[in-house]
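S.K.: only geometry, no sequence info:
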């Protein structure tokens, strides 16, 4: 009879356990809906019932009506963690003094408390060595720089793919490699009509100040992309990528004022160069920005100041800016020709205010989609960076 009861218990236990397991498996693939939640509740209930039946079976076999097999190990563990003294033994640890009939027990500090205390000391030593001896301790800045570098890689991939370049977003690039690629495209596809020096043959002259369809980089991008079928110029958007169109348009921009031989006469309207978008916002040297810098006097280049500025740039700025190419931010070479000294220093000293109140800075944020970090430089340090920028000009 006893074996028969045991068999019934075991059969019921395994049935409930298998049922609960299959229910869990079903809920893993199910959608988060009322039905799946109900299955989870049923599965958990079945598992608990199976567990209770197992306990009943164990206690019935061992005649352990008080549950000592489960309670005793648990009680020993609690005692080892607290080192508490039973009520019957409290007289042994009673201190002599009392206050208003209140006596004090000399209990030991619980081991769990000691473990936390000494563990905190060990952790603090490891933390100090890791973050302030071996590392620089500037965890937030390090994470920020890593995220900015990751974003820069993504931006570079998107830029290379041409996804981000349109007529609205295209800018002049002074990247040496890009201009070389633009010249190669021009010589191969454009020189037959415009001349290898841009002097103009069948097509118009690119070296003077007169433009038929506008002389900004955006105008050039549109003209190359869509073509001018009425004048015999085809659309190049099916043959050139957006990157290539930007490169050749930027190269054409560099031909202005080169004065080659056998130039074709002016065609179109004279283009006002102050309207030119040279790559990162509206290029106007009259804009001094918003901030504490209202006037900067420039003399001959101070080489000692240049060295200081270069060091500051390498440490503070190079994670986002490269000299020769667009990165997280615009290329630095030629910035002194695109922006006023006051604008540059105000942007270095207070980029947050500039982005909020200055038109060019707002356009930059819209183009690069990454706000410039405030590096907390002093005016003297910003002036040194500006002096370094003065050595990074570009010949156009």
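M.R.: Arrived safely. The structure presented is a predicted model; accordingly, all values stated were derived computationally and were not measured.
S.K.: Nearest the geometric middle of this structure, what residue?
M.R.: Closest residue to the average C-alpha location of the chain: residue 147 at 3.6 Å, with Cα atoms, centre = their mean.
S.K.: List the contacts of residue 229.
M.R.: By Cβ atoms under 8 Å, 6 or more residues apart in numbering, the residues touching residue 229 are residue 235. Where you see a C-beta, it was placed from the backbone N, CA and C, and this is true even at glycine.
S.K.: State the distance from it to residue 214.
M.R.: For residue 229, the distance to residue 214 equals 17 Å [Cβ to Cβ, to the nearest Å].
S.K.: now swap in residue 188 and tell me
M.R.: On the measure of Cβ to Cβ, residue 188 and residue 214 end up 24 Å apart.
S.K.: which of these two has more neighbours?
M.R.: Neighbours per residue (other Cβ atoms under 10 Å) separate residue 188 from residue 214, with residue 214 holding more: 15 against 10.
S.K.: Helix or strand: which one has the more buried one?
M.R.: Using DSSP states H and E, residue 214 sits in no helix or strand.
S.K.: nearest spatial neighbour of it, skipping sequence neighbours?
M.R.: Distances taken as Cβ to Cβ, 6 or more residues apart in numbering put residue 271 closest to residue 214, at 7.1 Å, once the chain neighbours are dropped.
S.K.: Look at that neighbour and report its pLDDT.
M.R.: Looking at residue 271, its pLDDT reads 81.
S.K.: Which residues are in contact with it?
M.R.: The neighbourhood of residue 271, defined by Cβ under 8 Å, 6+ apart, consists of 209-211, 214-216.
S.K.: Then residue 269?
M.R.: Per Cβ under 8 Å, 6+ apart, neighbours of residue 269: 210-212.
S.K.: Low-confidence stretches in the protein?
M.R.: Scanning the chain for pLDDT under 70 picks out 1-35, 58-71, 74, 79, 136-138, 159-163, 273-284, 394-396.
S.K.: Domain parsing of it, as residue ranges.
M.R.: 2-65, 176-275, 303-389 (automatic domain parsing).
S.K.: Out of these, which is closest to residue 140?
M.R.: Among the domains of the chain, the nearest to residue 140 by Cβ to Cβ is domain 303-389 (11.4 Å).
S.K.: Reduced to three states, what does residue 78 come out as?
M.R.: Assigned with DSSP: H, G, I helix; E, B strand; the rest coil, residue 78 falls in the helix class.
S.K.: Could you check how many residues crowd around it?
M.R.: Quick note: residue 78 (other Cβ under 10 Å) scores 10 neighbours.
S.K.: Off-centre distance for the strand or helix carrying residue 46?
M.R.: In this assignment (DSSP H and E), residue 46 forms part of helix 34-62. Relative to its parent chain, helix 34-62 has a centroid offset of 49 Å by Cα atoms, centre = their mean, to the nearest Å.
S.K.: And for stretch 94-112?
M.R.: Offset of stretch 94-112 from its chain centre (Cα atoms, centre = their mean): 57 Å.
S.K.: ok, now stretch 217-235?
M.R.: The chain centroid and the centroid of stretch 217-235 are separated by 37 Å under Cα atoms, centre = their mean.
S.K.: ok, now which ones touch residue 368?
M.R.: Contacts of residue 368 by Cβ under 8 Å, 6+ apart are 155, 280, 328-330.
S.K.: which one of the residues you listed has the most neighbours?
M.R.: If you count neighbours using other Cβ under 10 Å, the busiest of these is residue 330, which has 24 neighbours.
S.K.: Helix, strand or coil: sort out it for me.
M.R.: Under three-state DSSP, the three-state class of residue 330 is coil.
S.K.: same question, residue 97
M.R.: Relying on three-state DSSP, one would call residue 97 strand.
S.K.: shouldn't it be in contact with residue 104?
M.R.: Yes - using Cβ atoms under 8 Å, residue 97 is in contact with residue 104, at 6.9 Å.
S.K.: circling back: contacts for the helix or strand that the residue nearest to the centre of the chain is a member of, please.
M.R.: Following DSSP H and E, one finds residue 147 within helix 139-161. With contact meaning Cβ under 8 Å, 6+ apart, helix 139-161 is reached by 131, 135-136, 164-165, 243, 319-320, 326-328, 368-370, 373.
S.K.: if we go to 10 Å?
M.R.: With contacts defined as Cβ atoms under 10 Å, 6 or more residues apart in numbering, helix 139-161 is touched by 131, 135-136, 138, 163-165, 173, 241-243, 246, 319-322, 325-329, 368-370, 373.
S.K.: Okay, residue 257 and residue 342: tell me how far apart.
M.R.: Between residue 257 and residue 342 the computed distance is 27 Å (Cβ to Cβ).
S.K.: higher neighbour count, the two?
M.R.: A count of neighbours by other Cβ under 10 Å puts residue 342 above the other of residue 257 and residue 342, at 20 against 10.
S.K.: Now for that one: which residues touch it?
M.R.: Residue 342 makes contacts with 285, 287-296, 386, as judged by Cβ under 10 Å, 6+ apart.
S.K.: how about a cut-off of 7 Å?
M.R.: Counting by Cβ atoms under 7 Å, 6 or more residues apart in numbering, residue 342 touches 288-289, 293-296.
S.K.: Show me which pair in those is furthest apart.
M.R.: The distance between the two most remote of the contacts of residue 342 (Cβ to Cβ) is 12.0 Å, for 289 and 295.
S.K.: Neighbour count for those two, which is higher?
M.R.: Between residue 289 and residue 295, residue 289 has the larger neighbour count (other Cβ under 10 Å), namely 25 against 7.
S.K.: Look at that one and give its secondary structure.
M.R.: coil.
S.K.: wait, isn't it in contact with residue 348?
M.R.: No - in this structure, residue 289 is not within contact of residue 348 by Cβ atoms under 7 Å, at 10.0 Å.
S.K.: Tell me how many other residues crowd residue 187.
M.R.: Applying other Cβ under 10 Å, I find that residue 187 has 13 neighbouring residues.
S.K.: Alright, I will stop here.
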